[in-house]
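A.B. asks: Give me a 3D structure for the following:
(5 chains)
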Amino acid sequence: MNGPSHAMTLGTDLPQLAPYLVLAVGGLAVMLLDAFTGGRRKDHLSLLTLLTLLGAAAAQGAVPADPRGATLMGGMLAADRFSRFFNLLTVTIAMLTTVFATSVYEREGRHRADFYPLVLFASLGMMLLAAATDLLSLFLAIETMSLAVYVLVAGNRGSLRSSEAGFKYLILGAFASAFLLMGLALLYGQAGATDYAAVRRAVDAAPAGGVLLPLACGLVLVALGFKVAMVPFHMWTPDVYDGAPAYVTGFMATGVKAAAFAALLRVAWLLPPVAEVWFPLLTVLAVLTMTYGNLVALSQSGLKRMLAYSSIAHAGYLLLGVLAVLNTGRDSATAVQAAAVRDAAGGAILFYLVVYALMNLGAFGVVACLSRSRDQEADAIDGYAGLSRRRPFVAATLAVFMFSLAGIPPTAGFVGKFYIFDAVVKAGLVPLAVWGVINSLLSAYYYLRVIVVMYMKTAEGEVHDGHSWEAAFTCGVLALLVLLLGVVPGSFYALAAHTFRQMTY
Amino acid sequence: METFLFYLFGTLMLGAAAMTVASRSAVAAAVWLVFSFVCAAGVFALLAAPFLAILQILIYAGAIMVLFLFVIMMLQGPVLPAEVAGRSFGRKALLALPAAAIAVILISWAARGREAAFGAAPVTGTAAAVAELLLNRYLLAFELISIVLLVAIVGAMALGRKQEEQP
Amino acid sequence: MAFITDHILTWTAFAPALGAVLVLAAGRTPGAARRIALGAALADFVLSLHLLRHFEAANGADQFVEHAPWLAGGKIAYSLGLDGVSLWLVLLTTFLGPLVILSAWRAIAERVREAMAFLLLLQTAMIGTFLARDMLLFYVFWEAMLIPMYFLIGIWGGERRVYAAVKFFLFTMVGSVFMLVAILWCYQQAGSMALADFLQLELSRGQQSWLFAAFALAFAIKVPLFPFHTWLPDAHVEAPTAGSVILAGILLKMGTYGLLRFAIPLFPEAALALGPWLAWLAVIGIIYGALVAMVQQDVKKLVAYSSVSHLGFVVLGLFSLTTTGAAGGVVQMLAHGLSTGALFLLVGVIYERRHTRQIAEFGGLAHAMPAYAAVFLFVTLASIGLPGLCGFTGEFLILFGTFGSGLLPHARLLVALAATGVVLGAIYMLWMYQRVFLGKLGERNRGLPDLSVREWAVLLPILVMIVALGVHPAPLLERLEPSLERILAPVAAIRQTESSYGLALGVSAAQPAAATAALKGDR
Amino acid sequence: MESHALDTSLRWIVLVPLLGAALNGLLLRRMPRRAAGLLACAAVGASFLLSVAAVVRLAGLEPHHRLLADSLGTWLDVAGVRIELGFAMDQLSAVMALVVTGVGFLIHVYSLGYMAHDPGFNRFFTYLNLFIFAMMMLVLGENLVMLFVGWEGVGLCSYLLISFWFNEEANAAAGKKAFIVNRIGDFGFLLGMFVLGAALLPHLAGGEGLFSFRTIAAHTHHLAPWATAIALLLFLGATGKSAQIPLYVWLPDAMAGPTPVSALIHAATMVTAGVYMIARMNMVYVLSPAAMTVVAVTGAVTALFAATIALTQNDIKKVLAYSTVSQLGYMMLACGVGAFAAGIFHVMTHAFFKALLFLGAGSVIHAMSGQQDMRLMGGLRRKLPVTWPTFLIGTVALAGVFPFAGFFSKDEILWKAFSDGNPGLWLVGFLGAGLTAFYMMRLVVLTFFGDSRASEEVRHHVHESPATMTVPLAVLAVLSVAGGWLGWPHFLGGANRFEQWLAPVFARARTPPARSRPQARSTAPRRPTAPPRTPPPPPSGSWPRPRCRWPCSASTRATAPTPGGRRWPRSCTPSPAASPTGCC
Amino acid sequence: MTVGLTHYLALAAALFLVGMAGVLIRRNSLIMFMSIEIMLSAANIVFAAYARLHGDLAGHVFVLMVFAVAAAEAAIGLAILVEIYRLRRSVNVDDLNTLME
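C.D. replies: This next block holds a predicted model:
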């Protein structure tokens, strides 16, 4: 009565599922390892985590993208280039996060054993989120990711800031989940089934003027907007970014955002005529998101908090890209042109997400690198005075990240913004592009401030920075990547656009 | 009969939910919530979902709410006076009740004349039927939910640990 | 050598960047860093001489063209080219490069390695800007210039360096972001980022106006055109000598170069319609800059404001939209690069000795430092446009080219107003000279050492070029003219029925035919 | 294009002084004083000899082909704007070249003595040589731009030399003032040049130098509508350089410089550049009666006005300075009434006697240990046996006493002013001449006659200057006497060779280019009588032919001799008659 | 009057709004938490109603998952709450202001 037995496909889908399985099994293994090794040294935990992530990447690499663009497990997950892309991105983010976290722990001399499995599970959630092609898998993926991240945020034992941040995130996250669920319920109601293909059919068949479908769509957008920190659902962001340890913040700011945008893209693609209804509102929100983030970031004195607001602003830029994706149906342009623009916009978003991940992780990595312990993070921007003398290399990398975040050539941040704005212009939304560009100008001011402090101010009194060779090295690699992608982004962008083009549901 | 039950459960559930929101005391709120969930189980039953109705009572009204009450009791002493003394959100929240009532009336009114009865249920959500689906079509979901719970366990353990290990 | 000469433009552009990498890698001691940097800059100069030697004078098209697909399947390309305009500006850059490094030899004593690397990176970005023939590539170089300059001002600058650096950065960025949107829009229309394709665009007048405005804003800020000049004095005053020299010598030329290369030929109708506004701003800037320079108490600030005035001339020349005026503009760019660059070097010389630039602190310096005084006077004269020196060639061509421009309304009035700048320039420069160098020598300035050999080595090439440009600009103009004709061709195409040069008898540019008729009838 | 003789010596006339300046300037410190001085003198002397040789060659040419040309190449050539880096010598330039290098050489020699003890000796000669270079550039420049280059160059040297003793703030300020006031004039010059160029450019065939004087002369008909504007704007430049109202203010201050400088630059050569320029551009000026009137009136007013100021001055150099301004006014007046040759004649004679006067004054100041106030002098007659007679010769020459040089030139100007139908101008000039005689006599009396009013100490030191100073005085005295005889007018039985010599230059402009061979002579029979005050409008359809507003040119008189008495208006008795009345 | 889908949707909507009001108005974190549970059950009712309409049990599976997720969220949320309480002795959201400084 429910069609063919989908369990039967498990065998054939198994290779495609390998990355997820590796992560799940690895997470369990790390847990068990911790349990069995008790209070002794924890280096092997991070080692095993990294190995797991590498394994997942290898598994993903070993399995070719499904040429049929088919879905797995009866339509629950996509095994397309899009999911591959995000899987690899997520794994990368997780590895970097692990390195930074380990560097902090080693300096402090005590490990947080729960960090490692949680990072793995959170990554699993993110990967699934990007791959979900079923309402149920979407929901569960979001929850897997979110729950793990709640704990990561709150997990600094004994730190009130951390706990408060975690709780705030959890309450608001659960609130958003409720919205998401309501939206999914209504979508399910319209489609009569939970897989995207069915939903798309129902959407295509739906008569015009229906209320429930747009409402459902709006609720889902709210929930995803919450995850990407879109105004007005951003209010958790600064507190949570600020309260969580720097490496976790970096993880959240990049991984969660990337996965949420992946989901958003799939949903946006799934529901174009419906999302259309929300276009004006979404436009306003995107503009507000950019502007609010940048304006408030101007006055921050803490680096993490500044980056939090800046991440809101960056969500705004990305939303511009989403708008470009959505807008392609509006013009009377031919289908081919519309598709080209949509691909360009989608590619721009993917590219930007990667760039954003690199530079933001780098920035948080520097914070982690310089933090003396979990409770003495290198957060105050004033504390960076004279850093360029004390730690020229680290300062240089942070400068690169800041320039990149500000979108100044020849860094990847510029190219990313370029692609986004290019797509926006292509979609005929020139005023939005202008506004975005003005915003990136605004943002230059606060990013520059960090550089000013590092390079042009001298420290008052004795300053003790933490230091970690691995973290500094990683930051260096990231900076190099940021520059590299700023100079020769072409093939990577082509890959991103290609990836987006082959997105399935 | 179905109409009567719907209105009975619906009104009670809504009222209990409103009381939950409006309660000054967390304990009272929790009790009202349990009540609301029981009514929800009734609604599920009406919707040909007996398995859900049972689970609603077992898991929600049972396990989850017990957890809540447990925590409330643990924190009871100093928690509630702070809010009571400081603010009167309870009373404001009572406004939610008439608002919800009005919403119901309005929606019913809007649906007037166009409402079609469900008719006979084509399938009934028995444990067996749901399990069949869960372990076939939604096998992945089944696996996933186990990971969600695993995360919850790890998280709760991590948060509940007395103190982190020192070197 | 073929691998160099086949990609000579790339080598010219990136040799300094290579030098920067070397400096960072091998410049363990300040001395080594300086030597490597100087070597790189000199090598770059040699490369640019190769360009000069093999440049075909009569060819106005881009030469030594390099093209490689970069992004978007080749629609965005790494595309370099060199025409007459670029040639000279590149030469100016490579010429000043080693001198700037020499000037920073002692002045920058700490964090030498970084400073040298930034100087070299800046040079790469500047040369790249002059060579880029792809709009995105241009934009990348354009923005990339900001970073090293920002650091140069911010780290090695004076008291208020941070303020100045940030102001510099933000001001310049304000303009360029709008340009980016305009570039994107054109890209969308043209389907490629190639400058050549942009030139093929057929745009309505309204579109042109908007795009022109976006481009012109970016360039006007960089120039800087009144009233966008406020960042300039701060940046100049706070920047270290080397930074000021580059800023005045080359960076400011980016704005005028951009106007000439992009804003005018891409949007000819808008240039015709809106150019007069810019020309008026330019003239206001000429006079305003001169007046403000007159009241400055700080030598460097005075020179900075004089830049506002001088670059006003350049803009005026460009918007005459005549070949003569534009040629004057380019010559004036070079002249200003030399003379103001030299002035900043000279101010740096005295600043190194006395650690002040207040005019009131000096007086009678010609007694203590006669050679310095003589060189300073020489450069001052070049700056105020004494015939026979570089400043005159540019000013003359600009004013003359503008005077009879049939494409600029009120051209004669504008020239008359601009020419007062010549008088005002003499007033403020000579007054400053008098207060600093003439009169009685103060106690504190007794025994100041005169120019050292190194300082001579920095200044002498500039002095020679100042004279060369003043006495024999013909080779320059010869290579410039075909390129300018080509660049201004779109403007000429619109008004092809009109002679763009010549005096009309009180008839506006709009009715040239009538003017000619009137002239004939009068005879 | 007229044929012209190539002559590469022209460049050396210009460049040798530059080389001298360069050598002196670059070796400033290491050069022994004597060597520096001699080098400078040698450079100017060489320049002078080359000029003489060139003039001789020039004179050897047929009168209407008298043009030597030399080119160093093209200065710039862009979009039809072609400007040669060229030199040319015609009769006008020849006169100026000889005067500048000749007087310049004498003053160089004089300076050897005058500046002997100055610490800035080498620098001084550097500047002097540089000045000669710039002045020769101005004089020999083939086009208006080259002229302008020299024009600015002399301005610069003037600046340098005025503020030579820059230890005094006042001297520095005076130099700056001179430069800036000149710049105001240059502003007009530039604009005038632009109008001219812009009017010409559309009509040029390829290869013609845009601002070349020959081009301008060949295209005067295109300039007609703009002539007034061009002429007036250029005249603004001339008022700056030649210290005319209102831009005369810098010249008196310029006396702050060393006295030889005052003699060379602010009396003999540079200040006459404005006159030279107007004479050079005569073909444009004659197109605009209005502009001519402005020039004439400005000149006349300046002549009188400056003379009145000179009356009240007590500083010996200031008197001479204002006298210079006044005399420049006469030259302008001459140009304004179309007597370009007379103007240039006065330039020449004035160069002789004013240089003499200044150098004499310098000798006096030298003797008086730097004292310049005439009220503190007196009775120097006996103490300065060379200075005194030479000074007197200069004075009478300036006052216009027959047969000294000043008589011939000034007389010519006044006569031309009158005969042009401008008795008002003549009257003003005449009054000025009277005043000139008066203030010069006052100067002589105060300085050389009576008892010494100087302090004991100064009186003790009074001595005649060394030979290096007195010999030039003597030479100049001779020139001040005989220099005017070149222009011995017809009514006194002469041939006015000077005017004849220059005639082709000034005739050129008045001849329509349509005619194959410009001949001033051909117009002569047509103009036996004075023209009406207001010219009839030029006939339309043809180029506006410049109207000769004066009855005759040199050639007129040469070819159609008339009784001198008829030419001389009764009221315009020769200056010798007038001077005694003005002299007390 | 027959009871059909719309009635259930109306009921769910009302519940959802009540829960939402609770989250937005209340400051007691426990009660906020409970309000979210109310919202979740509203969604559950929608799922069940549609499942009934379509005769498709996927909705039931969804509800089942929501139960589990709610439990997981409650477990973690309450654990954090206890931790906060230990550190601060308050669970009033307005007192969670360490981060506002």
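
A.B. asks: now D:Ala243: how far from chain A?
C.D. replies: 55 Å (CB to the nearest CB, to the nearest Å). For glycine as for every other residue, the C-beta is placed from the backbone atoms N, C-alpha and C.

A.B. asks: Can you verify my assumption that that residue contacts D:Thr272?
C.D. replies: No. Using CB atoms under 8 Å, D:Ala243 is not in contact with D:Thr272; the gap is 10.1 Å.

A.B. asks: which outside residues touch the helix or strand where A:Gly218 lies?
C.D. replies: Element membership for A:Gly218 (DSSP states H and E) is helix A:212-227. Contacts made with helix A:212-227 from outside it, assessed by CB atoms under 8 Å, 6 or more residues apart in numbering or on different chains, are listed as A:142, A:146, A:172-173, A:175-177, A:179-180, A:182-187, A:189-190, A:203, A:206, A:233, A:236, A:256-257, A:259-260, A:263-264, A:267, A:271, A:274-275, A:277-278, A:282, A:285.

A.B. asks: what do you get if the cut-off is 7 Å, keeping everything else the same?
C.D. replies: Applying CB atoms under 7 Å, 6 or more residues apart in numbering or on different chains, the contact partners of helix A:212-227 are A:176-177, A:179-180, A:182-184, A:186-187, A:190, A:203, A:206, A:233, A:256, A:260, A:263-264, A:267, A:271, A:274-275, A:277-278.

A.B. asks: Strands of the chain, residue ranges please.
C.D. replies: No chain was given, so I picked chain A. A:71-72, A:77-78 (DSSP state E).

A.B. asks: Hmm, no, I was thinking of chain D.
C.D. replies: Under DSSP E, chain D gives strands at D:5-6, D:68-78, D:81-89.

A.B. asks: I'd like those as JSON lines, with mean pLDDT appended.
C.D. replies: Listed next are the strands of chain D as JSON lines, based on pLDDT from 0 to 100:
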{"stretch": "strand D:5-6", "mean pLDDT": "70"}
{"stretch": "strand D:68-78", "mean pLDDT": "84"}
{"stretch": "strand D:81-89", "mean pLDDT": "85"}
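
A.B. asks: closest one to chain E among those strands?
C.D. replies: strand D:68-78 (67.9 Å; CB to the nearest CB).

A.B. asks: Only alpha carbons, please: show that closest one as CSV.
C.D. replies: Extracted in CSV, the C-alpha atoms of strand D:68-78 (Å, rounded to 0.1, in the frame of the first residue of the first chain):
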residue,chain,number,x,y,z
LEU,D,68,67.9,84.2,-40.1
ALA,D,69,66.3,81.1,-38.7
ASP,D,70,67.4,78.2,-36.6
SER,D,71,65.5,75.3,-35.2
LEU,D,72,66.3,72.9,-32.5
GLY,D,73,63.4,70.7,-33.5
THR,D,74,59.7,70.6,-32.6
TRP,D,75,58.8,71.5,-29.0
LEU,D,76,55.5,69.9,-29.3
ASP,D,77,53.2,68.7,-32.1
VAL,D,78,49.9,67.4,-31.1
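
A.B. asks: Which positions in it come out as buried?
C.D. replies: D:68-72, D:74-78 (16 or more other CB atoms under 10 Å in any protein chain shown).

A.B. asks: Switch the residues you listed over to CSV; also include distance to chain B.
C.D. replies: Shown next, in CSV, are these (distance: CB to the nearest CB, whole Å):
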residue, distance to chain B
D:Leu68, 101
D:Ala69, 98
D:Asp70, 94
D:Ser71, 91
D:Leu72, 87
D:Thr74, 85
D:Trp75, 83
D:Leu76, 80
D:Asp77, 81
D:Val78, 77
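
A.B. asks: wait, which of those residues is closest to B:Ala40?
C.D. replies: D:Val78 (89.7 Å; CB to CB).

A.B. asks: Look up how far C:Arg479 lies from the closest one.
C.D. replies: Noted for D:Val78: a distance of 11 Å to C:Arg479, by CB to CB, to the nearest Å.

A.B. asks: confidence score at the closest residue to B:Phe142 other than its chain neighbours?
C.D. replies: Nearest residue to B:Phe142, sequence neighbours excluded (CB to CB, 6 or more residues apart in numbering or on different chains): B:Leu134, at 5.4 Å. Listed pLDDT for B:Leu134 reads 85.

A.B. asks: Does B:Leu134 touch B:Leu140 like I think?
C.D. replies: No. With contact defined as CB atoms under 7 Å, B:Leu134 and B:Leu140 do not form a contacting pair (10.4 Å).

A.B. asks: For the two, indicate the residue with more neighbours.
C.D. replies: B:Leu140 (25 against 20; other CB atoms under 10 Å in any protein chain shown).

A.B. asks: Next one, pLDDT for C:His50 please.
C.D. replies: pLDDT, read off for C:His50, is 88.

A.B. asks: ok, for it, nearest residue in space, not its chain neighbours?
C.D. replies: Nearest non-adjacent residue to C:His50 (CB to CB, 6+ apart): C:Ile8, at 6.2 Å.

A.B. asks: got it, and C:Leu469?
C.D. replies: Nearest to C:Leu469 is C:Cys390, by CB to CB, 6+ apart, at 3.7 Å.

A.B. asks: Wait, D:His346 touches D:Met331, no?
C.D. replies: Yes. Judged on CB under 7 Å, D:His346 makes contact with D:Met331 at a distance of 5.1 Å.

A.B. asks: so who does A:Ala395 touch?
C.D. replies: A:387-388, A:454-455 are the contacts of A:Ala395 under CB under 7 Å, 6+ apart.

A.B. asks: Out of those residues, list just those in helices.
C.D. replies: Judged by DSSP state H, helices contain the following of those: A:387-388.

A.B. asks: Determine the number of other residues adjacent to C:Phe262.
C.D. replies: Around C:Phe262 there are 26 residues (other CB under 10 Å).

A.B. asks: measure the closest residue to it other than its chain neighbours to chain A for me?
C.D. replies: Leaving aside its sequence neighbours, C:Phe262 sits nearest to C:Phe215 (CB to CB, 6+ apart; 5.8 Å). Taking CB to the nearest CB as the measure, C:Phe215 falls 14 Å from chain A.

A.B. asks: helices or strands up against the helix or strand hosting C:Phe215?
C.D. replies: Per DSSP H and E: C:Phe215 is located in helix C:205-222. Here helix C:205-222 touches helix C:161-190, helix C:252-258, helix C:268-294, going by 3 or more CB pairs under 7 Å, 6 or more residues apart in numbering or on different chains; DSSP states H and E.

A.B. asks: mean confidence score for the second one?
C.D. replies: If you average the pLDDT over helix C:252-258, you get 90.
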